[in-house]
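[1] The following comprises the amino acid sequence and a computationally predicted model.
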Amino acid sequence: YYIDMAANGIVGNGHLAAPFAYRIGAPLLVGALAHLTGVGPELTFRICDAISCVIFVLSCFYFARALGASFYAAAFSGIILALNFNVVKWTLFSGTMVDIYAYPFLLAAFWALLREKFYLCLLISSVGLLFKEFLLVPLFVQAAALLLEQRRLSDWKRWGKPLLLSGLSLLVFFVLPRLFIHVAHTFQDIDPLNDRSTLRRLLTYPLSRRHDFNILFAYLAGWLPVLLLALAPSRLRLIAVQLRPYRLTLVLFMAFHFLLTMYGGTNINIYITYCVPIQVVVLVILLDRAGVPVWEICAAVLVVFTFNRIWKTIPLPQNGLDTYLDFYAGYYMRVNSRSFFRMGELLTYIIGFSVLRFSVIRFSGAQTGIPSESQPRPLVRSGGNSLVGLDEL
């Protein structure tokens with residue numbers, strides 16, 4: 001569908017399908033480049049996807065550097081998160097993934113959140129909605145934070161305008177495309193505009209143990225690099241202290257992210273990749289402030305590389321749909337023996353890594369090297385204590 005959009009556009013295109021038709025950013029960009037270069041849209045898509053994979057690593061790197069990370073911590077964060085099966089490997093296999101275009105917008109919007117730049121975050125999120133609907137998360141986070149922080153009626157002049165602009169942005173970049181872009185088919189799991197019967201899934205999804213199992217698997221798998229390095233009492237305390245000033249941002253972000261993951265559809269593992277801003281933040285704290293030894297960093301890369309099957313060829317669906325869906329596991333509500341094996345493999349890596357760390361410290365007499373910090377050091381410089389930067393408003 002994305003290739004068809006790149007080749008034929010969206011106006012007068014009778015082959016559009018939801019939700020793909022609403023993600024116009026990447027297909028129209030690729031279509032324009034294909035027209036300018038004379039290269040076919042499919043090949044142009046693959047070239048752009050490959051370039052976007054490099055941009056993903058660079059975006060993570062510069063986002064981390066903007067947080068004050070060292071060069072090696074920033075580089076490691078980008079590389080180990082790129083080893084997630086659903087970020088680079090799946091993008092290059094598919095050749096038409098649009099998520100890889102959305103991550104830089106998400107990182108930039110989250111940076112604007114931390115810097116208390118309300119309108120900048122609003123602008124970035126609005127443009128990002130043309131690429132993937134997960135850019136709703138930063139938009140919702142700052143709107144909710146504004147309401148929570150400015151609940152007094154006397155402050156309505158200060159929060160009324162930004163909330164009005166947020167609603168207008170939501171209308172223009174999210175609602176109107178769904179109202180005016182005609183689709184011939186819908187593959188959207190919850191689509192009240194094109195199939196009202198899908199609304200029942202608002203109730204059935206949370207009650208599905210298979211769905212919940214795969215969401216749990218996806219979160220553990222997506223957060224594997226962080227879990228490997230963070231699961232030590234002293235490191236968890238350090239993370240808690242350092243993230244204390246940003247707890248409202250983080251809680252709101254993860255809450256809205258969970259809702260979109262619960263009701264987003266079938267590709268649960270891909271949805272978890274939109275946690276990338278918080279993952280970078282935690283990795284920066286661990287690598288620059290927790291004294292993580294080199295052997296742990298190398299071991300973590302090896303584990304992430306192995307679990308994500310980076311060296312293996314993804315089987316083609318036409319050669320066996322079951323083999324294709326079970327290659328990584330965690331798809332939609334598909335739970336079978338392979339799912340339990342992968343969950344067991346994942347838990348073995350996480351628990352085994354913690355046991356190995358404890359054993360090395362115990363028998364070598366090594367110290368954790370974690371400084372005793374009772375006060376957080378700011379990740380970014382900002383103009384005040386308000387999450388949304390009311391001085392800017």
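    Sure, I can see it.
[2] only C-alpha atoms for contact and neighbour calcs from this point on.
    Fine.
[3] For the stretch 251-393 of the chain, which segments count as helices?
    Ranges of helices within the stretch 251-393 of the chain are 268-272, 276-289, 294-307, 321-326, 337-364, based on DSSP state H, counting those that start in this stretch.
[4] what is the mean pLDDT for the longest one?
    By that I understand helix 337-364. Mean per-residue pLDDT for helix 337-364: 95.
[5] quick one: that helix to chain centroid distance?
    Offset of helix 337-364 from its chain centre (Cα atoms, centre = their mean, to the nearest Å): 24 Å.
[6] in it, what counts as buried?
    338, 339, 342, 343, 346, 347, 349, 350, 353, 354, 357 (16 or more other Cα atoms under 10 Å).
[7] Save those as JSON lines, and put in distance to residue 134 too.
    Below are those laid out as JSON lines (distance: Cα to Cα, whole Å):
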{"residue": "338", "distance to residue 134": "29"}
{"residue": "339", "distance to residue 134": "26"}
{"residue": "342", "distance to residue 134": "26"}
{"residue": "343", "distance to residue 134": "26"}
{"residue": "346", "distance to residue 134": "26"}
{"residue": "347", "distance to residue 134": "28"}
{"residue": "349", "distance to residue 134": "29"}
{"residue": "350", "distance to residue 134": "28"}
{"residue": "353", "distance to residue 134": "32"}
{"residue": "354", "distance to residue 134": "32"}
{"residue": "357", "distance to residue 134": "36"}
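[8] if we can go back for a sec, quick one, which of the helices of the stretch 251-393 of the chain gets closest to residue 218.
    helix 268-272 (5.0 Å; Cα to Cα).
[9] which strands and helices sit next to that closest one?
    helix 209-222, helix 247-263 (3 or more Cα pairs under 8 Å, 6 or more residues apart in numbering; DSSP states H and E).
[10] Now tabulate these in TSV and tack on distance to residue 65 and mean pLDDT.
    Listed next are those as TSV, based on distance: least, Cα to Cα, whole Å; pLDDT from 0 to 100:
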stretch	distance to residue 65	mean pLDDT
helix 209-222	22	98
helix 247-263	19	97
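[11] related to what we said a few turns ago, include distance to residue 220 when you put the helices of the stretch 251-393 of the chain into TSV, please.
    Converted to TSV, the helices of the stretch 251-393 of the chain look like this (distance: least, Cα to Cα, whole Å):
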stretch	distance to residue 220
helix 268-272	9
helix 276-289	12
helix 294-307	12
helix 321-326	17
helix 337-364	8
